[in-house]
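Peer 1: okay, sequence plus prediction incoming.
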Amino acid sequence: MHSDSPSPTPPTRKRRRRAVQNEDHNIDPDRGSADNISPPHPEPAVAQEQSSDRNRPVIVGINREELYEIKRKTEYLRNIIENLKATNHTACQEIEALTQENANLLHTNRRLLESSTSGNDDEHEEQEDGPPSKKSKTSPSNKIFKMYLRLGKQFSACQIMWLSPEIWDFLYTSGNTPEDEDEESYNQRTRMEAISAQLMEFLPDVLHEQLNEDLFRDRFSHGMRAIRARFVADLVQSHAMVFGILDTAFLIKEERRELPAVKELIADDTFLYKPGTDELNGLLRHPSLKKALLLLLWGPSTLNCGDTITRPKTKRTNGRLWGLEATTDALLAFGATAIYFVLSCEAEFGEVGPGGTNFQEFYEERITDLTDLHAKFPNRYKKLMKYYNNDLFHNYDNQDASAVQNERQGKLALAMEMEVDDEDSSDDN
């Protein structure tokens, strides 16, 4: 029996395919059926698109305020970097300047060290400054040249610090006295006669005939200049042990004068007197003067001995080469004047410095002080000489000094005889 209602129309193939697509679209395999899917949450203002590919970079949206803040911080960091660069450049310049200054100090220190490494040994200087010769180092000429130099050094340190060039000509005119002579000329002539007598007494008899020779005058005068230059260079190099000033600025003359310790020493000639005493009892008793003379006579090794002073075994020290037996007035004045030059920071060590400092006058004043002390206070003078002799010549045999003097004169006479023989033989050839 058939019903009156129409039978349902079977779904066409197109409808079935659309139904399947809708079902696949609404069902997530990880979340169950379409009935259990919760409605999607509203997306935030800053959208974030997620890709199925996890290696793909994520793009984040940025608003205008955040962009302005990032730009401001970037400018701030850029300014900091520029400031650091400027600071670093300035620091590099300062480091470069300090490096150059250090190099200059090292150069000065090395130069001073080279001038004092040989101590009181004058062999190196004499060989370099001696006249060129094809003869051997042990030839009579070289021995004579060295002897002339040593005599000049000893005469400057122990007799007269500066010798006027006029003295050489005066030696051969001293017997001629002018008829009409004023007082100034008389005083000058008297002074030159005293110097001439002192020079003739100092030199060995065998050299009296050489006084008119240019070679002797040149080498003798050069020796006088050399000992003054070497001594002040040694004083600067050994400033810590001589003056007790540890600051290395002492090595630079321009900086030395600004040191408070140097200003204190040179003020009122403080370096001449023993600290804590009056001028009469403390005259020429400052510790730096004794240390300076130890340096001059026996070398820098004696400054490290403390209270017990030992003489170096080498025979090349000035104390042995000169054959000294005791302290002299001229030796004390020589040491004091050299210290005065170092502390004054003058450019040249002559009778009068370029800055106007009269070193010769200072030297003669010290000689006058000692002469007056000997005449007015003989006991104090003896104590002063003993004060220096106990340290400068302690445990030093006086017979050794006399032997050195005799040996030196004998060698000089022999060398000059050999030189004459060589000249005679060359003339015969």
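Peer 2: Great, that's in hand. Every value quoted in this text rests on a predicted model; they were computed, and no experiment measured them. Residues are numbered from 1 along each chain as shown.
Peer 1: mind checking the SS state of residue 365?
Peer 2: Following DSSP: H, G, I helix; E, B strand; the rest coil, the label given to residue 365 is helix.
Peer 1: what's the burial count for it?
Peer 2: By other CB atoms under 10 Å, 15 other residues sit near residue 365. In this view, the C-beta of every residue, glycine as well, is placed from N, C-alpha and C.
Peer 1: same deal with residue 159?
Peer 2: Neighbourhood size, residue 159 [other CB under 10 Å]: 18.
Peer 1: so what's it up against?
Peer 2: Residue 159 makes contacts with 198-199, 202, 330, as judged by CB atoms under 8 Å, 6 or more residues apart in numbering.
Peer 1: give me the buried entries from those residues.
Peer 2: 199, 330 (16 or more other CB atoms under 10 Å).
Peer 1: max pairwise distance over the contacts of residue 159: which two?
Peer 2: Farthest-apart pair in those is 199 and 330; separation 12.8 Å (CB to CB).
Peer 1: find the nearest non-adjacent residue to residue 166, please.
Peer 2: Nearest residue to residue 166 in three dimensions, chain neighbours excluded: residue 192, at 7.2 Å (CB to CB, 6 or more residues apart in numbering).
Peer 1: go ahead and confirm that neighbour touches residue 169.
Peer 2: No. Using CB atoms under 8 Å, residue 192 is not in contact with residue 169; the gap is 9.8 Å.
Peer 1: shaky segments in the stretch 101-250 of the chain?
Peer 2: 101-141, 172-179 (pLDDT under 70).
Peer 1: all strands for it, in order.
Peer 2: Taking DSSP state E, counting those that start in this stretch as the criterion, the stretch 101-250 of the chain carries no strands.
Peer 1: run through the helices of it in chain order.
Peer 2: Secondary structure of the stretch 101-250 of the chain (DSSP state H, counting those that start in this stretch): helices at 123-129, 140-158, 166-170, 183-202, 214-237, 239-243.
Peer 1: make a markdown table out of the ones you listed and add distance to residue 362.
Peer 2: Below are the helices of the stretch 101-250 of the chain laid out as a markdown table (distance: least, CB to CB, whole Å):
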| stretch | distance to residue 362 |
| --- | --- |
| helix 123-129 | 26 |
| helix 140-158 | 15 |
| helix 166-170 | 21 |
| helix 183-202 | 18 |
| helix 214-237 | 14 |
| helix 239-243 | 18 |
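Peer 1: hey, which of these is tucked in deepest?
Peer 2: Greatest average neighbour count among those goes to helix 140-158 (a mean of 22), per mean count of other CB atoms under 10 Å.
Peer 1: wait, what's in contact with residue 279?
Peer 2: Residue 279 neighbours (CB under 8 Å, 6+ apart): residue 273.
Peer 1: so it: helix, strand or coil?
Peer 2: Secondary structure of residue 279, per three-state DSSP, is coil.
Peer 1: look up how far residue 194 lies from it.
Peer 2: According to CB to CB, to the nearest Å, residue 279 and residue 194 sit 28 Å apart.
Peer 1: again with residue 86
Peer 2: 71 Å.
Peer 1: check residue 351 too.
Peer 2: 18 Å.
Peer 1: again with residue 202
Peer 2: 13 Å.
Peer 1: which residue is the nearest non-sequential neighbour of residue 241?
Peer 2: Looking at residue 241 with CB to CB, 6+ apart, the closest residue is residue 303, at 4.1 Å.
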